[in-house]
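A.B. asks: Predicted model, plus sequence, below.
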Amino acid sequence: MQVRAEQLEAQLQKNLAAAYLIHGDEPLLVLEAADAVRAAARKQGYDEREVFVAGRGFDWGELRNAGANLSLFGGRKILELRIPGGKPGVEGGNAIAAWCARPNPENLLVVTMPRPEGPYWKAAWFTALSAAGVVAEVSTVELARLPDWLRGRLARNGQSVDAEAMQYLVDRVEGNLLAAHQEIQKLALLAPRGELDLETVCSAVATVARFDPFIASDALLTGDVKRYVRAIDGLRGEGESPVFILAILAGDLQTLALVQGLVARGRSADEAIDAAKVWKRRQPAIRAAQREFPPAAVLAAIVHAAAIDRASKGVGSGEPWDEFIRLGLELLRESRNPVGEGLIGKVPRATA
């Protein structure tokens, strides 16, 4: 039987199958689906659990032996097989198929893995698991569904957020539900129940976040070169994704260019910021940058950001982290308060 992860709870309430395969590209949701299976199994007397991680060099005989052996204490046992690489291989596929052909009624097999590559549904091991038990596919939470997903998680803590705070959370955690889960846990610990505004959300998160891409962008837009360099270095040390940082920086630069274009056509700065739909929290930095940086320098920074994007994807030269520093120094050099000229030549430049 094949089901979506959202249907798994209803299936577990009906009956417990002999085997479960849970696969998908969202580790958090795969883990939670496996937790639901384990919880249902414990209610039916599966008190023991053995975990196998099928990495390189794994002896698949361990799975066969565990399936054949009786529980140490005479009860039922969960056999949890984790396949981090998403491919059991020939030997592993044969072992899984053999287990499914002769399942031990005292054992429950739970397999977790990333989404398999290729026509996996035609593989003998996949067909055997589907016939012997339940295959649950975990779908990625796309951007359009992310706000509803976040609202549901916040509701479990008796919390909700206003529109600005929701947009902040969406932009912060898009593509990383583990990060989203962590942020919601922080809010449960650090913020009160009820509706939370943007200031409350930012304050709660900042209490435990040492570095933040939004801090780097604020520092860049307000001309604080020391803070900008410190934030970029800190994000690099913490292993933050350059792609995420670039999305924040490039987005703010593009917004800044839009505001400057509207001002050039006769709008006031406030009218331009309203027309560009700049978040309230971002407005002071955009307003300061609109006055500080020449439009030509902002456009040059956007072009530089595109070069960093190519470098981060391996189709352009340059090291993204060095280029973040260069982008900031070159932009700030063009401001009314020039800074960093002596550092510019020390950073190699990215090219297409």
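C.D. replies: Thanks, I have the structure now. Numbers count the residues shown, from 1 in each chain.
A.B. asks: rest of the way, CA atoms for contacts and neighbours
C.D. replies: Will do.
A.B. asks: Just give the nearest non-adjacent residue to residue 328, would you?
C.D. replies: Closest residue to residue 328 apart from its sequence neighbours, by Cα to Cα, 6 or more residues apart in numbering: residue 220 at 6.3 Å.
A.B. asks: Please point out which parts of stretch 117-133 sit buried.
C.D. replies: The neighbour-count check on stretch 117-133 (16 or more other Cα atoms under 10 Å) flags 125, 126, 127, 128, 129, 130, 132, 133 as buried.
A.B. asks: same question, stretch 186-199
C.D. replies: Going by 16+ other Cα under 10 Å, stretch 186-199 has these buried residues: 186, 187, 188, 190, 191, 196, 198.
A.B. asks: and that stretch, what's its mean pLDDT?
C.D. replies: The average pLDDT for stretch 186-199 rounds to 88.
A.B. asks: what separates that stretch from the chain centre, distance-wise?
C.D. replies: A distance of 21 Å separates the centroid of the chain from that of stretch 186-199, by Cα atoms, centre = their mean, to the nearest Å.
A.B. asks: Check stretch 319-339 too.
C.D. replies: Distance of stretch 319-339 from the chain centroid (Cα atoms, centre = their mean) equals 28 Å.
A.B. asks: Could you give the average pLDDT over it?
C.D. replies: The average pLDDT for stretch 319-339 rounds to 79.
A.B. asks: Tell me how far residue 309 lies from residue 273.
C.D. replies: Going from residue 309 to residue 273 by Cα to Cα, to the nearest Å gives 26 Å.
A.B. asks: Compare those two (neighbour count), which wins?
C.D. replies: Comparing residue 309 with residue 273 by other Cα atoms under 10 Å, the one with more neighbours is residue 273, at 26 against 21.
A.B. asks: Can you name the helix or strand that the more buried one falls in?
C.D. replies: Assigned by DSSP states H and E, residue 273 falls within helix 269-275.
A.B. asks: what does that helix rub up against?
C.D. replies: With contacts defined as Cα atoms under 8 Å, 6 or more residues apart in numbering, helix 269-275 is touched by 259, 260, 262, 263, 283, 286, 287, 290.
A.B. asks: can you put these in JSON lines and add distance to residue 78, pLDDT and secondary structure?
C.D. replies: Below are the contacts of helix 269-275 laid out as JSON lines (distance: Cα to Cα, whole Å; pLDDT from 0 to 100; DSSP: H, G, I helix; E, B strand; the rest coil):
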{"residue": "259", "distance to residue 78": "59", "pLDDT": "93", "secondary structure": "helix"}
{"residue": "260", "distance to residue 78": "62", "pLDDT": "92", "secondary structure": "helix"}
{"residue": "262", "distance to residue 78": "63", "pLDDT": "93", "secondary structure": "helix"}
{"residue": "263", "distance to residue 78": "65", "pLDDT": "92", "secondary structure": "helix"}
{"residue": "283", "distance to residue 78": "54", "pLDDT": "85", "secondary structure": "helix"}
{"residue": "286", "distance to residue 78": "56", "pLDDT": "91", "secondary structure": "helix"}
{"residue": "287", "distance to residue 78": "59", "pLDDT": "90", "secondary structure": "helix"}
{"residue": "290", "distance to residue 78": "61", "pLDDT": "90", "secondary structure": "helix"}
